[in-house]
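J.: prediction below, plus the sequence it came from.
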Amino acid sequence: MIARFSSGLLVALVLLGFWQALVTVAGLPPFILPGPLRVATALADNAALIAWHASVTFTEVLAGLALGSVLGAATALHMAVSPLARRFLRPVLVLTQALPVFALAPILTLWLGYGIGSKILMAVLIIYFPVASAFFDGLRGTPRGWLDLAHSMQGTRRQVLWRIRVPAALPSLASGLRLAAVYAPIGAIIGEWVGASQGLGYLMLLANGRAKIDLMFAALAVLALLTLLLHRAVGAGCDRLTARLS
Amino acid sequence: MTKGAEGADSYGVPKRLLQNPDTGFGAPSGHAPGLRMTGSVRFGDALLLENVTLDLVPGGWTCLLGPSGTGKSTLLRLIAGLDTGSRFDGSINSSDGNALEGRVAYMAQDDLLLPWLDLRGNVALGARLRGQRPDTGRIDALIGSLGLAAHAEKRPSRLSGGQRQRAALARTLMENKDFVLLDEPFSALDARTRADMQDLAARHLAGRTVLLVTHDPMEAARLGHRLCLITSGRLQDLPTPGGPPPPRPVDDPETLAYGARLLARLRSAS
């Protein structure tokens, strides 16, 4: 764990060094590509501003992740138990994936306004499919032997679902949630680009428009950090869950 | 098999079973009824078994042998009411005339223990799946009688192969059913553990009507009150092994000789 962490740190340091060298050697102007030192300075100078915008984006991401996961898991459960739900929900599921979320963003902003509602919905839309389909695959893939055993024991459908099929499918749900942790910020940022008055996506557009490229990079770095942390946290939670089940 | 169920007694359910059938854990008093399955099994258009009759010894062990793919497990799964992908035209009847539903317990080669439940939870699974409150006293008594008391709180991953199969046996006994269907339950175990499991299963399942599907001629020779062989779509009775009543000792000469003859026959059968 520590070895993995330190090797990650090493890679990051090498990349930062390469970045700084590129800027220095090629003599790139800061409004094209600012060096990491300049970005770090911008980050320090605008810490309060970036932190406030980051908190907005993080709220949107967390809310989207929670809501999308619950909706996705509930969809998978319904599809697993009811052929009718399977017939109606499968097209909905595929549709959320077939429509590019980028194309929906302006409409959602039009309907839900510039607030965080439209961004949360974007995050929900983008993670709904991976969560629902991963969990559904798991629910459908219950090992046959366990179902045979449950059948021979005359288990009720409800008990078999909650005591065998759901626990057996939790590792699949976990892999869906891990994906969702990385996808959710994408949805929120797209939403902010299309129309917002706050959030890291908004800040990046604003900085870009005013040629404050160093501030844009600083916001981008914070966004990447937030996503990494979220992925780590969700991953650790999923690991604990699956460890308890095996 | 062409003999009727009434001929079953000529196979001689050992007196020992009838006199002392109770193992203390709710085995059926007296012994369980027999079971007759008769009919044909088709896979699509292909006829797998034509007009076969399988009679299970009341309160004893019937062993079903035969090369792979001949339909041994299919017959067992049909009796268990499990999905086989085949079509069965015929009837399956208990000799006491009552319906079979809810009177069958099933145990497979895979122990099918749930990895997220401890041993006690796995033994209680049947009751939980039916939405009933498990009888914890009986669970602990069963676990103890199978020598697993020290492992009651352990997850399956911390048990040995033999312990896992004993846990599966405890779960099967917990169901307390007249008919017990065993689909090669000991075939994945090492030789010593397998012999131990055979003894344990024979003792604890005494008085119940057991169908054992197996590849192992020596296992059938040790355990069978009746032995049946499936070859090329037909089911035939084999002579009943002589020697002591099941479980016959692993070193009983007559049983060993019977097992060897059976192996030779199986090799020529395919």
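T.: Perfect, thanks for sending it. Residues are numbered from 1 along each chain as shown, chains lettered A, B, ... in the order given.
J.: how far out from the middle of the chain is stretch A:28-42?
T.: How far stretch A:28-42 lies from its chain's middle: 28 Å, per Cα atoms, centre = their mean, to the nearest Å.
J.: quote the end-to-end distance of that stretch.
T.: End-to-end distance for stretch A:28-42, by Cα to Cα, to the nearest Å: 17 Å.
J.: would you mark the buried spots in that stretch?
T.: A:30, A:33-36, A:38-40, A:42 (16 or more other Cβ atoms under 10 Å in any protein chain shown). To be clear about C-beta, it is placed using only N, CA and C from the backbone, and glycine gets the same treatment.
J.: same thing with stretch A:57-64?
T.: A:57-58, A:60-61, A:63-64.
J.: dump that stretch to CSV, restricted to CA.
T.: Written as CSV, here are the backbone C-alpha positions of stretch A:57-64 (Å, rounded to 0.1, in the frame of the first residue of the first chain):
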residue,chain,number,x,y,z
THR,A,57,-18.6,20.6,-7.6
PHE,A,58,-17.9,18.1,-4.8
THR,A,59,-21.5,18.5,-3.5
GLU,A,60,-22.9,17.9,-7.0
VAL,A,61,-20.7,14.9,-7.5
LEU,A,62,-21.6,13.3,-4.1
ALA,A,63,-25.3,13.9,-4.6
GLY,A,64,-25.2,12.6,-8.1
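J.: hmm, who's touching it?
T.: The contact list for stretch A:57-64, computed with Cβ atoms under 8 Å, 6 or more residues apart in numbering or on different chains, reads A:116, A:119-124, A:126-127, A:184-185, A:187-189, A:191-192, A:199-201, A:223, A:226, A:230.
J.: apply 10 Å and report the result again.
T.: Here stretch A:57-64 makes contact (Cβ atoms under 10 Å, 6 or more residues apart in numbering or on different chains) with A:51, A:115-128, A:180-181, A:183-189, A:191-192, A:196, A:198-203, A:219, A:222-223, A:226-227, A:229-230.
J.: that one: how far from the chain's middle?
T.: Using Cα atoms, centre = their mean, the offset of stretch A:57-64 from its chain centre is 9 Å.
J.: I figured B:A108 hits B:D183, correct?
T.: Yes: the criterion here is Cβ atoms under 10 Å, and B:A108 meets it with B:D183 at 4.7 Å.
J.: for the residue lying closest to A:L121 once chain neighbours are set aside, the count of nearby residues, please.
T.: In space, not counting the residues next to it along the chain, A:L121 is nearest to A:L108; the distance is 5.5 Å by Cβ to Cβ, 6 or more residues apart in numbering or on different chains. A:L108 has 21 neighbouring residues, counting by other Cβ atoms under 10 Å in any protein chain shown.
J.: how about B:I92?
T.: The number of residues near B:I92, taken as other Cβ under 10 Å, comes to 17.
J.: what's across from it in the sheet?
T.: Taking DSSP bridges as the rule, B:I92 bridges to B:M37.
J.: thinking again about what came up before, which of the contacts of stretch A:57-64 fall in strands?
T.: With strands defined by DSSP state E, no entry of those lies inside them.
J.: quick one: buried ones out of those residues?
T.: A:116-128, A:180-181, A:183-189, A:191-192, A:196, A:198-203, A:219, A:222-223, A:226-227, A:230.
J.: how does chain B divide up, domain by domain?
T.: Listed domain ranges for chain B are B:31-103+B:179-270, B:113-176 (source: automatic domain parsing).
J.: kindly reformat these as CSV containing distance to A:Q97 and mean pLDDT.
T.: Formatted as CSV, the domains of chain B follow (distance: least, Cβ to Cβ, whole Å; pLDDT from 0 to 100):
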stretch, distance to A:Q97, mean pLDDT
domain B:31-103+B:179-270, 32, 91
domain B:113-176, 31, 95
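J.: now do the shared contacts for B:A108 and B:D183.
T.: A:145, A:148, B:73, B:76-77, B:80, B:213.
J.: point me to the residue of chain A nearest chain B.
T.: Nearest residue of chain A to chain B: A:G155, at 3.0 Å (Cβ to the nearest Cβ).
J.: Three-state assignment for that residue, please.
T.: Under DSSP: H, G, I helix; E, B strand; the rest coil, A:G155 falls in the coil class.
J.: which of the buried residues of stretch A:57-64 fall in helices?
T.: A:57-58, A:60-61, A:63-64 (DSSP state H).
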